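**Q** structure for the following, please:
(chains A and B)
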There are 2 protein chains.
Amino acid sequence: MLIVQKYGGTSVADASRIKNVARRVVKEYRKGNQMVVVVSAMGDTTDDLIALSRQITDNPSPREMDVLLSTGERISSALLAMAIKSLGVEVISLTGRQAGIKTDMVYNKARIIDVESDRMREELAKSKILIVAGFQGLNQYGDITTLGRGGSDTTAVVLAAALQADLCEIYTDVDGVYTADPRVVPEARKLATITYDEMLELAHLGAGVLHPRSVECAKHYGIPLHVRSSFNDNPGTIVKEETDMEKDMVITGVTYNKNVAKLSVFGVPDQPGIAYKIFKNLADKNISVDMIVQSAMRDGINDISFTVAQDDLPVSIESIEEIVKEIDAQGYAHNADVAMVSIVGAGMNSNPGVAAMMFGVLSEEGINIHMISTSDIKISCIVKNKDAEQAVKALHKKFGLDRIGPN
Amino acid sequence: MLIVQKYGGTSVADASRIKNVARRVVKEYRKGNQMVVVVSAMGDTTDDLIALSRQITDNPSPREMDVLLSTGERISSALLAMAIKSLGVEVISLTGRQAGIKTDMVYNKARIIDVESDRMREELAKSKILIVAGFQGLNQYGDITTLGRGGSDTTAVVLAAALQADLCEIYTDVDGVYTADPRVVPEARKLATITYDEMLELAHLGAGVLHPRSVECAKHYGIPLHVRSSFNDNPGTIVKEETDMEKDMVITGVTYNKNVAKLSVFGVPDQPGIAYKIFKNLADKNISVDMIVQSAMRDGINDISFTVAQDDLPVSIESIEEIVKEIDAQGYAHNADVAMVSIVGAGMNSNPGVAAMMFGVLSEEGINIHMISTSDIKISCIVKNKDAEQAVKALHKKFGLDRIGPN
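**A** All right, here's what the predicted structure looks like:
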């Protein structure tokens, strides 16, 4: 088998954990498997490098930021290769460039557009284990790009697709995907399987286990992901197209995200092209907008509210200030003291009343809902930041997630 | 003018020092100069990375070591570029690869074989300041190599040659090249000029200011180097072909090196090819041998002694053990508790009696000499480690280095 494994930052946080990963990798290799291992930066390395850049300037060049941040994964890849070599196995570390990962031009949030896998195939043909520095690639100028937070997951999935891997394992510090964050809901259960779509919603909605883009890629290429812990041998959660065991579950998980800020533009003229102007200007500044809600028209004017990541709030405010003048809106407001609470499940589609039940639970708990957004398989509510955990606990219980088992 | 500047690790040790370097670079740029700036890794970064690798294995793969170590200069180059950009000047960081630095295949101690300067010329043509990560290049496999300790000096000189720079400045934490280490000899004076050959000897003999290979390259390409401090605007020392001001000095400097170990092979058969076998085996293991002394023949057998860097002692002992058996020598010994004390000066060539005077000074101080080695412009003695500073002080005084001035 050709196995692609990805180890996150906590799995390679120090020398002893790197040696632990080396033993796991070599164990699979000695069973006769071909191994391609993608690594994140050690522990807090990326945060430390960002902090260093902030000591230099508040507004670092995106290109230089990628040169800086890409060093973290190079360090862990070289160290893991050393650790594996010291176990007597042939191994080679490859940077994003050497692994042939070609990206678009967007520094800090680049997308992989191609993988030239010649070098990887050559080294695999020599029976070497490959250690690939995650999170990075090369653009058409030969400059280093990074894929954004959590991008190593995407590296792993894209390599699994390019090499037609038989298995893609994502190793992290938790045992798999849970019905809710076990730190908030002790009764939360590990899911044996989850669909790509459900996982995508969970990832978008704040469950930190997988990077959303990696789930999109896995779905696109039809690659099952096995999310599991590098600290034990427990089976984790398989992310795939169709689940079977828990088909009868209405919802799969409850999640929340506190890295959310809400912006509202008031008194927007009800004319075609206005929403385009607002969100085009945000997109031009590389801001991802999540929830968008437009209130019913009254007197020919609308209110439009939306959410962004808290990090993006300052730039979003700038953007909105520009646009409010241009479109002659009455004003705007922003609020970072909010959180998004969501329920996700492929089953809610065929179960009417799930939304009503969610709103009922929140009402019983005395939690006020600021915004609502729904899709086929999720319902999200913006609530006060301080209410998030209480909402998650109540929803987990009321939807019976603690009762359905075993896993 | 096209100016190549190189800043050492202490000059970019933290954010405030990096900003200081940024201001110095921008000042020269605003005078209308083209600027190419080579940086070392910040402060102790390289040592920290080496320590990290030692936590993984005592015998790290040289290839992976270079992947690891090359990150240090990438970090400082990105940060310096950010700092310069925040001063409102166009700037771009380039890795060794992007600067077109091609090396041979020897990991950890690679030699630059070519510079493909197209990208640098393109960026200079756009009026950008170039920040080049020192110490690294790419070999024919597209793998990262490093140039060995102090390799950033060599990067600077080679770039100055490739770009036909008008000036090559080496910034460090001292004001220039001194007649002796001022920490040992407070009366030591800064030299206004020094020849390449003298500087080469001083560098080889332990004066840490410049990397010997960089001096070789500078001599080869006829590039004058200005060695000076990044912490003030004092003129430093010019290293060039001929000096003028101090032509009448017999010796230029006194130096010592404690990173020395002595090995002796006893009872070597006096046959052609024996020395070749000894030193070929060391060379094959990439050990640089410094002093070599062969004692006079007695009864058809010789003793051969030589020195290596202390780091290379374990591998050197292995090498000698192999060879002692092969050539049927009587045995070997090693001693790491030694230091090399040297006097350097182009003038000693035409002044008979310099060697005798050196031995006389050491004798007066009661310092025993283990080995002697001479060249046209230097005399080195191996003494006990603990005698090194005393020897340097006495020689500096007796050769009148504290009296010749002003500088």
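**Q** what's the local residue count around A:Ile50?
**A** By the criterion of other C-beta atoms under 10 Å in any protein chain shown, A:Ile50 has 14 neighbours. Where C-beta positions appear, they are placed from N, C-alpha and C, glycine not excepted.
**Q** leaving out chain neighbours, which residue sits closest to it?
**A** Nearest non-adjacent residue to A:Ile50, counting by C-beta to C-beta, 6 or more residues apart in numbering or on different chains: A:Leu69, 7.4 Å away.
**Q** the one you found against A:Thr46, yeah?
**A** Yes - when contacts are counted by C-beta atoms under 8 Å, A:Leu69 is listed as touching A:Thr46 (6.0 Å).
**Q** have a look at the two and say which one is more surrounded.
**A** With neighbours defined as other C-beta under 10 Å, A:Leu69 and A:Thr46 compare such that A:Leu69 has more, 24 against 20.
**Q** three-state assignment of that one?
**A** helix (DSSP: H, G, I helix; E, B strand; the rest coil).
**Q** circling back: residue contacts, the residue nearest to A:Ile50?
**A** When contacts are counted by C-beta atoms under 8 Å, 6 or more residues apart in numbering or on different chains, A:Leu69 touches A:41, A:46, A:49-50, A:135, A:146.
**Q** next one: it, what pLDDT does it get?
**A** If you check A:Leu69, the pLDDT there is 97.
**Q** residue ranges in chain A under the pLDDT threshold?
**A** Applying pLDDT under 70 to chain A flags the ranges A:206-208, A:243-249, A:296-298, A:350, A:404-407.
**Q** okay, domains of it per the record?
**A** Domain segmentation of chain A under automatic domain parsing yields A:2-173, A:261-335.
**Q** and these, which is most packed in?
**A** Highest mean neighbour count among those (mean count of other C-beta atoms under 10 Å in any protein chain shown): domain A:2-173, with a mean of 21.
**Q** the strands in the stretch 201-350 of chain A, which residues?
**A** Assigned by DSSP state E, counting those that start in this stretch, the strands in the stretch 201-350 of chain A fall at A:225-229, A:237-240, A:253-257, A:261-269, A:289-294, A:301-308, A:331-335, A:338-344.
**Q** do you know which of those lies nearest B:Ala394?
**A** strand A:225-229 (65.7 Å; C-beta to C-beta).
**Q** run through the neighbouring helices and strands of that closest one.
**A** Packing partners of strand A:225-229 (3 or more C-beta pairs under 8 Å, 6 or more residues apart in numbering or on different chains; DSSP states H and E): strand A:167-172, helix A:212-221, strand A:237-240.
**Q** now with 6 Å, please.
**A** Contact here means 3 or more C-beta pairs under 6 Å, 6 or more residues apart in numbering or on different chains; DSSP states H and E; on that basis strand A:225-229 packs against strand A:167-172, strand A:237-240.
**Q** list the pairing partners of the shortest one within its sheet, with orientation.
**A** Sheet pairing for strand A:237-240, assigned by DSSP bridges, gives strand A:193-195 (parallel), strand A:225-229 (antiparallel).
**Q** contacts for that strand, please.
**A** Applying C-beta atoms under 6 Å, 6 or more residues apart in numbering or on different chains, the contact partners of strand A:237-240 are A:176-177, A:191, A:193-194, A:199, A:224-227.
**Q** for the residues you listed, which one is nearest A:Met120?
**A** A:Leu225 (19.7 Å).
**Q** list the contacts for that closest one?
**A** Residues counted as contacts of A:Leu225 (C-beta under 6 Å, 6+ apart) are A:168, A:170, A:218, A:239.
**Q** write out the residues of the stretch 1-150 of chain A neighbouring chain B.
**A** Within the stretch 1-150 of chain A, the positions adjacent to chain B are A:15, A:55-57, A:60-61, A:64, A:67-68, A:71, A:74-75, A:78-79, A:81-83, A:85-86, A:93 by C-beta under 6 Å from any C-beta of the partner chain.
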